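In: Sharing a model that was predicted from the sequence below.
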Amino acid sequence: MCGRPMIRHGKTSTGRQRWRCKPCKITTLNEIDSTAKHLDEFLAWLLGRRRQVDLPGGGRSFRRRCEPLWQLWPFSPIIDEVHEVIFVDGIHLGPNAVVLIAQTPDCVLGWYAARSENSRAWGALMSRIAPPALVVTDGGSGFARACKKVWPATRVQRCTFHAYCRIRQATTTRPKLEASRSLYALGRQLTHVQDMGVFNCLCIRLLFERIDA
C-alpha cells in the first residue's frame with residue numbers, strides 16, 4: 001500500500017513464498033495474473049479451427065482456465081459516421097438465440113445478441129449507429145417498427161435475394177403450374193437487377209403474378 005519494497009517472510013503450508021511490508025505490517029503472496037495469457041489462448045481457439053477435444057488433456061484444463069472469459073461480452077461501438085447504405089440481418093444460433101448485425105459493404109458496424117428478432121432488439125442495435133440514407137433488410141419481424149422509431153428518415157430496401165428465397169419457398173425450384181413458373185422466373189431475375197427502373201417493373205409484374213397464382 002505504501003509502495004515500498006517487501007521482504008521475504010517465510011512460506012505458507014503449501015510452500016509458497018510469503019512477503020511482508022514492514023511499515024504497513026501487511027503480509028501477502030505474490031499472485032501471478034495470467035488473465036491476459038488465458039485471453040490470448042481463448043481467442044486463438046475461438047477464432048481458429050481447433051476443437052477442444054484436440055487440445056492437451058481433451059480440453060479439460062483449457063475449459064477450467066477460460067471459464068471466466070465466457071462472461072465477457074464485447075459491446076458494439078457507437079457509430080457517429082453517416083453511411084450511405086447499411087445492411088442488417090440476423091444470424092440464428094439456436095431456437096432462442098440470434099445475433100443481429102449491421103454492416104456496410106466494407107466492415108461490420110455493430111451487433112446485438114437477443115432471444116429473437118423483435119423491435120426492441122433491433123432498436124437497441126440501431127440506436128448506437130447514425131441513421132444511414134438507405135438500409136437493406138430481409139424484412140424480419142420487428143425491424144419495420146424499430147426503423148420508424150429510431151431511423152425515421154432512412155429509406156428501407158427489401159433484400160432482393162431474400163425476396164427470391166421467399167418466392168422459391170412458395171413455388172419450389174421445379175414449379176408445375178404456369179403461373180408458378182412465371183413467378184419463379186421473375187424471382188430469379190431479381191437477383192441480377194442493377195437498375196431501379198427494372199426493379200420497379202419486376203415488382204409490379206410480381207404483384208400481378210401473385211394475384212393470378
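Out: Looks like it came in fine. Numbers count the residues shown, from 1 in each chain.

In: how near is G187 to T12?
Out: Computed with CB to CB, to the nearest Å, the distance linking G187 and T12 is 73 Å. (C-beta placed from N, C-alpha, C; glycine too.)

In: Comparing these two, which residue is more hemmed in?
Out: Regarding G187 and T12, a neighbour count based on other CB atoms under 10 Å identifies G187 as having more, with 21 against 9.

In: Ramachandran angles for the more buried one?
Out: G187 adopts backbone torsions of phi -60, psi -40, taken as degrees, to the nearest 10.

In: Check F87 too.
Out: With angles defined as degrees, to the nearest 10, F87 sits at phi -100, psi 130.

In: So what sits opposite the closest residue to it other than its chain neighbours in the bridge?
Out: Using CB to CB, 6 or more residues apart in numbering and skipping residues adjacent in sequence, the residue nearest F87 is V136, 4.8 Å away. According to DSSP bridges, F87, Q157 are recorded as the beta-bridge partners of V136.

In: count of neighbours near V136?
Out: Once other CB under 10 Å is used to define contacts, V136 is seen to have 18 neighbours.

In: so who does it touch?
Out: V136 makes contact with V85, I86, F87, V88, Q157, R158, C159, according to CB atoms under 8 Å, 6 or more residues apart in numbering.

In: hmm, try it at 7 Å
Out: Residues in contact with V136 (CB atoms under 7 Å, 6 or more residues apart in numbering) are V85, F87, Q157, C159.

In: Only whichever of the residues you listed are buried, select them in PyMOL.
Out: Under the burial definition 16 or more other CB atoms under 10 Å, those of the contacts of V136 that qualify are selected in PyMOL by:
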select buried, resi 87+159
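
In: Dump the contacts of V136 to a markdown table, plus distance to S116 and pLDDT.
Out: Shown next, in a markdown table, are those (distance: CB to CB, whole Å; pLDDT from 0 to 100):
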| residue | distance to S116 | pLDDT |
| --- | --- | --- |
| V85 | 26 | 92 |
| F87 | 20 | 92 |
| Q157 | 23 | 83 |
| C159 | 19 | 74 |
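
In: Let me know the closest of the contacts of V136 to R181.
Out: R181 has its nearest neighbour among these in C159, at 23.4 Å by CB to CB.

In: if I read this right, the closest one contacts D138, doesn't it?
Out: Yes - distance between C159 and D138: 4.9 Å, which falls inside the contact criterion (CB atoms under 7 Å).

In: So T27, which state does it fall into?
Out: strand (DSSP: H, G, I helix; E, B strand; the rest coil).

In: can you tell me how far it sits from T137?
Out: In terms of CB to CB, T27 sits 61 Å off from T137.

In: likewise R168?
Out: Distance check for R168 against T137: by CB to CB, it reads 19 Å.

In: same thing with G94?
Out: Relative to T137, G94 is positioned 22 Å away (criterion: CB to CB).

In: coming back round to it: pLDDT score for the residue nearest to F87?
Out: V136 is assigned a pLDDT of 89 by the prediction.

In: what do you get for V198?
Out: V198 is assigned a pLDDT of 49 by the prediction.

In: Quick one: find the helix or strand in the protein with the lowest mean pLDDT.
Out: Across the helices and strands of the chain, mean pLDDT, DSSP states H and E gives its lowest value to helix 196-212, namely a mean of 53.

In: Name the residues of stretch 94-101 that are buried.
Out: Of the residues in stretch 94-101, V98, L100, I101 count as buried by neighbour count, 16+ other CB under 10 Å.
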